[in-house]
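Q: The following block contains a protein sequence and its predicted model.
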Amino acid sequence: MAILEIVKEPHKVLHRKARPVSDFGPELQQLIDDMVGTMREAPGVGLAGPQVNQLLRVIVVEFGDEEDDEAPLKLFTLVNPEISKMSKETVMGIEGCLSIPELVGDVSRAVSVTVKAQTRHGQVTKIKASGWLARIFQHEIDHLNGVLFTDRTDVIYRVEDLIAAEEAAQAEEEELISGAPTETSTSLD
Ligand code: ZN
């Protein structure tokens, strides 16, 4: 297994439509194994063919349960996936992408989806997903159509600004708890 290079914006492969897979031979098997390893190494919860410079309709997703941190992760390796049904109900959520590491954005997605796909060996399969898993599938399948999360929202943040804001909020909270200025901060005179 090899760790592949993850293509970053503004690489043009990220904006092209990927080709359907028809050959389920050893090359595809190798690519899927490498994509799983690359996703885990990143680490990320999903990866699509174009992100490793392969214009093929392949995605890998690994996710547990958003409400249970201890739940085991479930791995999906899907070939030629398509969203066959999606809920009308949508939900906003903060999304990032391994190909756009410095940004996150508020993206509206269907709450639940049904994904029709083939397994890595070509068998037809259908998956129903909701919540974060549904969001991940929508994000990864978008990649196969050359669509990035930044194409779906105008509400985009820089990751470093969010971290700075979070740290500032946390510092303020600590100050409120401890009651600044504290006794220990008296000057040495
Ligand atoms: Zn992505």
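A: Good, I have the coordinates.
Q: report the longest strand in the protein, please.
A: strand 74-86 (DSSP state E).
Q: tell me which strands and helices it is in contact with?
A: The contact analysis (3 or more C-beta pairs under 8 Å, 6 or more residues apart in numbering; DSSP states H and E) places strand 74-86 against helix 26-41, strand 58-63, strand 112-118, strand 124-130, helix 131-144. (C-beta placed from N, C-alpha, C; glycine too.)
Q: make it 10 Å
A: Contacting strand 74-86 under the criterion 3 or more C-beta pairs under 10 Å, 6 or more residues apart in numbering; DSSP states H and E are the following elements: helix 26-41, strand 46-48, strand 58-63, strand 103-110, strand 112-118, strand 124-130, helix 131-144.
Q: where's it relative to the chain centroid, distance-wise?
A: For strand 74-86, the gap between its own C-alpha mean and the chain's C-alpha mean amounts to 14 Å (C-alpha atoms, centre = their mean, to the nearest Å).
Q: what does stretch 99-113 give?
A: Counting by C-alpha atoms, centre = their mean, stretch 99-113 comes out at 8 Å from the chain centroid.
Q: and if you look at stretch 7-23?
A: Mean C-alpha position of stretch 7-23 versus that of the full chain (C-alpha atoms, centre = their mean) differs by 16 Å.
Q: Contacts for that stretch, please.
A: Here stretch 7-23 makes contact (C-beta atoms under 10 Å, 6 or more residues apart in numbering) with 28, 31, 48-59, 79-80, 82, 97-103, 118, 120, 122, 143-148, 150-151.
Q: what about stretch 135-152, how long is it end to end?
A: Distance across stretch 135-152, first residue to last, is 13 Å (C-alpha to C-alpha, to the nearest Å).
Q: typo on my end, it should be stretch 20-32
A: Terminal-residue distance, stretch 20-32 (C-alpha to C-alpha): 15 Å.
Q: so where's the chain uncertain?
A: Residues of the chain meeting the criterion pLDDT under 70: 180-189.
Q: that older thread, partner strands of the longest strand of the chain, parallel or antiparallel?
A: With DSSP bridges as the test, strand 74-86 is paired with strand 58-63 (antiparallel), strand 112-118 (antiparallel).
Q: follow-up on the earlier one: in ChimeraX, how would I select just the buried ones from the contacts of stretch 7-23?
A: Buried residues within the contacts of stretch 7-23, by 16 or more other C-beta atoms under 10 Å, are selected in ChimeraX with:
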select :28,31,48,49,50,51,52,54,56,57,58,59,79,80,97,98,99,100,103,118,120,143,144,146,147,148,150
